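1. just a sequence and a predicted model for now, questions to come.
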Amino acid sequence: MLRQTKYLSKHYDVPDGHRLSVYERDGGYQQAKRALQMSRDDLVTEMKAANIRGRGGAGFAMGVKWSFMPWPPKPERPHYLVINADEGEPGTFKDRTLMEKAPHSVIEGCIIGCFGIGAHAAYIYVRDELHLSKERLWGAIEEARAKGYLGKKPFGLDYPVEVYVHTGAGAYICGEETSLLNSLEGKRGEPRLKPPFPAQYGAFGMPTTVNNLETIAAVPLALEMGGDAFSKLSSLHDLKDGGCRLYGVSGHVKNPGVFEACVGLTLRELVYDLGGGVKHGELLGVIPGGSSCPIIRADDMVDAPDPKSPLHPWHGKSALDVPMGVDTYRALGTMLGTCCAIVLSDKTDPVLAFHNLMRFYRHESCGQCTPCREGSAWLFRILDRMVAGQATIEELDRLHEIADNIMGNTICAFGEGTAMPAMGFLRKFRKEMEQYIRTKGKSSTGVLAP
Amino acid sequence: MTSFALSPERELEFEKILARYPNRQAACIPVLHLCQEQNGWVSEDVIKWVAERLDLSAAHVQGVVTFYTLFNQQPVGKHQVWVCQTLSCALAGADRILHHCEKRLGIHAGETTKDGKVTLRTAECLASCGTAPMIQVDKDYHENLTTEQVDAILDRLTR
């Protein structure tokens, strides 16, 4: 059942929706004021009840993450809140809409978040490419400061909060939380070994929580509704995957864009009801949540005979009808990621799509770990040969081997982010690749854009 | 010593940037952006200047500059045109847009026109997937493009 909502995107189509006056008209900043007067325990309990799973991809429970911060904060070890708005995952463009059209919900979320983790400063890490997003965030910060909602005594209360925008300089890897922290510290954006986790040793060596931008923007809403009521918007409340969130859809759909709906939307609803259906032919497959999530084919069926599996209720049904949740998608052998789907029609060439993605990963590997640096380049080289009609069947098998050797052998998840979609494509489109090799690159539709 | 110096307005901005962080090193990337805005690219002089002002080694600053794609390591054209070619854009015809730009400007991606007006580059995902294909010209996004619209944009830049 399609359940669209209009909470986070309330002001998307309102003139001046990014301005403080519009945001305040509908009760903006009331929750920040309230939060600063709550006890920290109560706030974290409320956030845990809201079951906000991280909207950046990994899907970790936000309230639980907040509770990992050392407590009480020591004066010599200040805490930091860092907001990940790097938005680099191909297919993902939802955070941009929040920054451009609802920046005050981000700033209000930051104030509440700072209080929840015992921080007095928040850094929003934005890609430098997003000039309008940066401008809107700075504008919102200045408006809020002028009203006395930020600074030494926000709302006249004794809890100083500052929010800053920090810009990157063009590196997808900086979406990974530890490389983001290195980049924030003025270094190359190379990931760090974990542990220690950021909650112990994060920005500037201090305890830090890194939250995705959409995650923090949902905080004022969750507080206003009450954690439990917010969580129950979702049809996956029982799986502790609560609330509403932004969904993106791009590629071969008639109506691409960002939509807001309750958690538990199905891929079929996203592609057909919100995305307006497939453009240029029939549905071939969908990359569900950013390019590192293994692709789902239109004809994939759910195989979950075990009643204990979270997918059992959909056993024997189309994978397109499984509600999009962190745990359901993991059980499906893919990932929910950022909830921004890329749609491929049957008039497009999946081998070229695979080639395109591997070029991306080769370009963006930070080069720190050998399996990722060499593996991503090797995967791309073989695909380049395949597309040129020069690859052999042995090389097709080598792709599996290389991907398998990246898995689990790197410092950060970028390696898996490369290997998993590669293995997904290899599993789902082996026939097409074999045909490419047999016909020396003549087969299939031969184009990405019909 | 370095011959590079920030303009007085940017010097004020520099102080504002420093005030945001608990140490000077953290200002490295924003300050490099500030210098590049003025100089067009990050020259050896700029690297030396940033290193001196932020108490860093020139090697560290050089390492940062080479890591990130947005720092120009050589002079670029007056305008920069980035064509996003990652999957969502590619599915919507980014290849056609890129080839069209190359033909129109008479250069390959990565090069600058002879008159120094335009540098053409490819980008990996600019977070504009729902409005593909797109190009970024300096600080502006141009979305849902046709080749005719690309022509109009390039006309304005090369005039």
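-> That came through, no problem.

2. show me what contacts the nearest residue to A:Leu283 once chain neighbours are set aside?
-> Spatial nearest neighbour of A:Leu283, excluding adjacent residues (Cβ to Cβ, 6 or more residues apart in numbering or on different chains): A:Ala298 at 4.1 Å. No exception for glycine: its C-beta is placed from N, CA and C like everyone else's. Applying Cβ atoms under 8 Å, 6 or more residues apart in numbering or on different chains to A:Ala298 gives the contacts A:Glu282, A:Leu283, A:Leu284, A:Gly285, A:Val286, A:Leu320.

3. centre of the chain to the host helix or strand of A:Cys114, how far?
-> Assigned by DSSP states H and E, A:Cys114 belongs to helix A:103-117. Put simply, helix A:103-117 sits 19 Å off its chain's centre (Cα atoms, centre = their mean, to the nearest Å).

4. show the average pLDDT along that helix.
-> Averaging pLDDT along helix A:103-117 yields 98.

5. which element follows it toward the C-terminus?
-> strand A:119-126.

6. remind me what that next one packs against, helices and strands.
-> Applying 3 or more Cβ pairs under 8 Å, 6 or more residues apart in numbering or on different chains; DSSP states H and E, one finds that strand A:119-126 makes contact with strand A:79-85, helix A:103-117, helix A:131-146, strand A:162-167, helix A:177-184.

7. part of a strand, is A:Asp303?
-> No - read with DSSP: H, G, I helix; E, B strand; the rest coil, A:Asp303 is coil and lies in no strand.

8. measure it to A:Ser309 for me?
-> For A:Asp303, the distance to A:Ser309 (Cβ to Cβ, to the nearest Å) stands at 9 Å.

9. find residues that contact each of those two.
-> Contacts common to A:Asp303 and A:Ser309, judged by Cβ under 8 Å, 6+ apart, are A:His315.

10. still on that earlier bit, neighbour-wise, which of the contacts of A:Ala298 leads?
-> A:Val286 (29 neighbours; other Cβ atoms under 10 Å in any protein chain shown).

11. for stretch A:343-356, how far is the first residue from the last?
-> Stretch A:343-356 has an end-to-end distance of 14 Å (Cα to Cα, to the nearest Å).

12. picking up where we left off before, please export the C-alpha coordinates of the helix holding A:Cys114 as PDB.
-> In PDB, the C-alpha atoms belonging to helix A:103-117 read as follows (Å, rounded to 0.1, in the frame of the first residue of the first chain):
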ATOM      1  CA  PRO A 103      18.100  23.500   5.500                       C
ATOM      2  CA  HIS A 104      16.500  24.600   8.800                       C
ATOM      3  CA  SER A 105      15.400  21.000   9.700                       C
ATOM      4  CA  VAL A 106      19.100  20.000   9.300                       C
ATOM      5  CA  ILE A 107      20.200  22.800  11.700                       C
ATOM      6  CA  GLU A 108      17.500  22.100  14.200                       C
ATOM      7  CA  GLY A 109      18.500  18.400  14.000                       C
ATOM      8  CA  CYS A 110      22.100  19.400  14.700                       C
ATOM      9  CA  ILE A 111      21.100  21.300  17.800                       C
ATOM     10  CA  ILE A 112      19.200  18.300  19.200                       C
ATOM     11  CA  GLY A 113      21.900  15.900  18.100                       C
ATOM     12  CA  CYS A 114      24.600  18.000  19.800                       C
ATOM     13  CA  PHE A 115      22.700  17.900  23.100                       C
ATOM     14  CA  GLY A 116      22.000  14.200  22.700                       C
ATOM     15  CA  ILE A 117      25.700  13.300  22.400                       C
END
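
13. let me know the angle separating it from helix A:131-146.
-> Helix A:103-117 runs at 60 degrees relative to helix A:131-146, counting by axes from the mean of the first three to the mean of the last three Cα atoms, to 10 degrees.

14. measure how helix A:103-117 sits relative to strand A:119-126, angle-wise.
-> Using the same axes, to 10 degrees: helix A:103-117 against strand A:119-126 is 140 degrees.

15. domain map for chain B?
-> Listed domain ranges for chain B are B:8-67, B:79-158 (source: automatic domain parsing).

16. need the winner for burial among those domains.
-> Among those, domain B:79-158 has the highest mean neighbour count (mean count of other Cβ atoms under 10 Å in any protein chain shown), at a mean of 20.

17. just how off-centre is that one within its chain?
-> So, by Cα atoms, centre = their mean, the centroid of domain B:79-158 is 13 Å from its chain's centroid.

18. that domain vs chain A: in contact?
-> Yes - shown here: domain B:79-158 in contact with chain A (Cβ under 8 Å from any Cβ of the partner chain) through B:85-88, B:90-96, B:123-132, B:136, B:139-141.

19. which parts of chain B are helices?
-> B:8-18, B:28-39, B:44-53, B:58-67, B:87-91, B:94-105, B:147-158 (DSSP state H).

20. just give the closest residue to residue 60, not the sequence neighbours.
-> Using chain A here. Per Cβ to Cβ, 6+ apart, closest to A:Phe60 is A:Gly54, 4.7 Å.

21. that's the wrong chain, I wanted chain B
-> B:Ala51 is the one closest to B:His60 (Cβ to Cβ, 6+ apart), at 7.1 Å.

22. surely that neighbour touches B:Ala58?
-> Yes - counting by Cβ atoms under 8 Å, B:Ala51 does reach B:Ala58; the two are 4.4 Å apart.

23. residues from the stretch 351-450 of chain A in reach of chain B?
-> A:Ala353, A:Asn356, A:Leu357, A:Phe360, A:His363, A:Glu364, A:Cys366, A:Leu448, A:Ala449.

24. run a quick neighbour tally on the second one.
-> Counted by other Cβ under 10 Å, the residues lying close to A:Asn356 total 25.

25. for it, which three-state class applies?
-> Going by three-state DSSP: A:Asn356 is helix.

26. that one and A:Glu434: what is the separation?
-> Here A:Asn356 is placed at a distance of 20 Å from A:Glu434 (Cβ to Cβ).

27. cool, the first one as well?
-> Using Cβ to Cβ, we find A:Ala353 at a distance of 17 Å from A:Glu434.
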